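[1] give the three-dimensional model of this entry:
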Amino acid sequence: MLHESFVKLFWRHFDSIPQAAAWFHVKPVTVKRWLSGWMDVNPMAEKLLLIRARGYLPDDSRWQGFRVDEYRCIIITPEGRQFSPKELDSWAVRFDEFHALKRLYELDYIPVRSNVVTPLPFRGGHRIKAAKSDTVTKEKKKEYRRAMAERKIAK
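    Residues are numbered from 1 along each chain as shown. Below is the predicted model:
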């Protein structure tokens with residue numbers, strides 16, 4: 001990262017040198033040297049600043065537009081919706097309760113899958129292969145078992 005771009009990004013995300021020094025876990029004099037150009041910026045400090053600028057999320061196409069607000073402790077979606085950690089945690093409990101009730105009352109509900117496909121990220125110069133199997137309905141499983149039983153009888 002060039003010195004000028006580090007300085008611009010630095011002042012965009014920090015209000016003071018002591019605040020940045022506390023975040024980077026260095027002394028304020030070290031931050032002053034980085035900003036003045038007297039000393040090269042530590043490569044790890046550059047990476048940390050880039051991570052903070054992106055909002056702590058990985059550099060992956062699926063996270064594009066999402067960000068984390070560390071002061072309010074929320075995740076913000078590209079549409080502007082905000083989720084707290086407690087709210088995200090409660091969704092797992094609700095999901096488990098829903099499936100427990102479904103099993104209890106023997107509901108034969110199969111969730112509808114959307115046709116929206118998120119492109120897989122690049123890894124090593126190629127895309128990750130998609131999953132080879134998909135959710136199978138109960139009817140398909142019954143047909144498969146019948147066909148396997150007929151094959152066994154025919155042998």
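[2] can you give me the helices in the chain?
    With helices called from DSSP state H, the chain shows them at 3-13, 17-24, 28-36, 43-54, 85-104, 138-154.
[3] would you turn those helices into TSV with mean neighbour count and distance to residue 74?
    From N, CA and C alone the C-beta is placed, and that goes for glycine too. Shown next, in TSV, are these (neighbours: other CB atoms under 10 Å; distance: least, CB to CB, whole Å):
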stretch	mean neighbour count	distance to residue 74
helix 3-13	13	17
helix 17-24	16	19
helix 28-36	16	28
helix 43-54	15	16
helix 85-104	10	8
helix 138-154	10	40
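[4] output those helices as a markdown table; include the columns distance to residue 78 and mean pLDDT.
    A markdown table is the format used below for the helices of the chain (distance: least, CB to CB, whole Å; pLDDT from 0 to 100):
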| stretch | distance to residue 78 | mean pLDDT |
| --- | --- | --- |
| helix 3-13 | 20 | 86 |
| helix 17-24 | 26 | 91 |
| helix 28-36 | 32 | 92 |
| helix 43-54 | 14 | 83 |
| helix 85-104 | 17 | 85 |
| helix 138-154 | 36 | 83 |
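[5] adding distance to residue 64, write those out as a markdown table.
    As requested, the helices of the chain are exported to a markdown table (distance: least, CB to CB, whole Å):
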| stretch | distance to residue 64 |
| --- | --- |
| helix 3-13 | 19 |
| helix 17-24 | 25 |
| helix 28-36 | 29 |
| helix 43-54 | 10 |
| helix 85-104 | 19 |
| helix 138-154 | 35 |
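[6] pick out the residue closest to the middle of this protein.
    residue 63 (5.7 Å; CA atoms, centre = their mean).
[7] quick one: it and residue 89, what's the gap?
    Distance, residue 63 to residue 89, by CB to CB, to the nearest Å: 20 Å.
[8] again with residue 46
    With distances taken as CB to CB, residue 46 is found 33 Å from residue 89.
[9] then residue 32?
    Distance, residue 32 to residue 89, by CB to CB: 41 Å.
[10] put the alpha carbons of stretch 56-67 into PDB.
    Extracted in PDB, the C-alpha atoms of stretch 56-67 (Å, rounded to 0.1, in the frame of the first residue of the first chain):
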ATOM      1  CA  TYR A  56     -14.200  -7.100   9.300                       C
ATOM      2  CA  LEU A  57     -15.700  -9.300   6.600                       C
ATOM      3  CA  PRO A  58     -13.700 -11.500   4.300                       C
ATOM      4  CA  ASP A  59     -12.800 -10.300   0.800                       C
ATOM      5  CA  ASP A  60     -15.300 -12.600  -0.900                       C
ATOM      6  CA  SER A  61     -17.900 -11.700  -3.600                       C
ATOM      7  CA  ARG A  62     -20.700 -13.100  -1.400                       C
ATOM      8  CA  TRP A  63     -20.000 -10.600   1.400                       C
ATOM      9  CA  GLN A  64     -19.900  -7.600  -1.000                       C
ATOM     10  CA  GLY A  65     -21.900  -4.700   0.500                       C
ATOM     11  CA  PHE A  66     -22.200  -6.200   4.000                       C
ATOM     12  CA  ARG A  67     -20.400  -4.400   6.800                       C
END
